[in-house]
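Colleague: have a look at this prediction, sequence included:
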Amino acid sequence: MTRDEQIAKLSNTLRRAADARALAASPVWVEAWTELERQLLDSLLECGPTEDDKRYRLQTAIEVGRTVRRLIESGGATSGQLERELEILEGVKMRPIA
């Protein structure tokens, strides 16, 4: 991969990280995920002792929701490292030697 291709790829990844950070910082985002998880947990707690399939589906939905949220929120956290790498590739900063 050429230097220009690396810069283009990092720039695109940086834009995506900024989008993820903006989304995760939105109060609407936090409220939506909190409400979704609350509803799923309430439904899970309402399951009867013989509703194993329903309980399993709800537990899986909660795990998937938490994973999606974590991935999106951590996507925004990587922007600092991406910015440093891009500055090194563009020659703005020198790579640390030790």
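Modeller: Nice, thanks for sending it over. Bear in mind the structure is a predicted one, so any value in this text is a computation, not a measurement.
Colleague: lowest-pLDDT helix or strand in the protein?
Modeller: For the chain, counting by mean pLDDT, DSSP states H and E, helix 79-90 ranks last in confidence among helices and strands (a mean of 69).
Colleague: name the SS class of residue 47, please.
Modeller: At residue 47, secondary structure determined by DSSP: H, G, I helix; E, B strand; the rest coil is coil.
Colleague: what's the burial count for it?
Modeller: By other Cβ atoms under 10 Å, 16 other residues sit near residue 47. Bear in mind the C-beta positions are built from the backbone N, C-alpha and C, glycine included.
Colleague: likewise the one 4 residues further on?
Modeller: Other residues near residue 51 come to 13 when the count uses other Cβ under 10 Å.
Colleague: any figure for the gap between it and residue 29?
Modeller: Residue 51 sits 31 Å away from residue 29 when distances are taken as Cβ to Cβ, to the nearest Å.
Colleague: please apply the same query to residue 12.
Modeller: As for residue 12, its distance to residue 29 is 22 Å (criterion: Cβ to Cβ).
Colleague: compare those two (neighbour count), which wins?
Modeller: With other Cβ under 10 Å as the criterion, residue 12 and residue 29 differ in neighbour count, and residue 29 comes out ahead with 15 against 10.
Colleague: ok, and the closest non-adjacent residue to the more buried one?
Modeller: For residue 29, the nearest residue in space outside its immediate sequence neighbours is residue 23; the separation is 5.6 Å by Cβ to Cβ, 6 or more residues apart in numbering.
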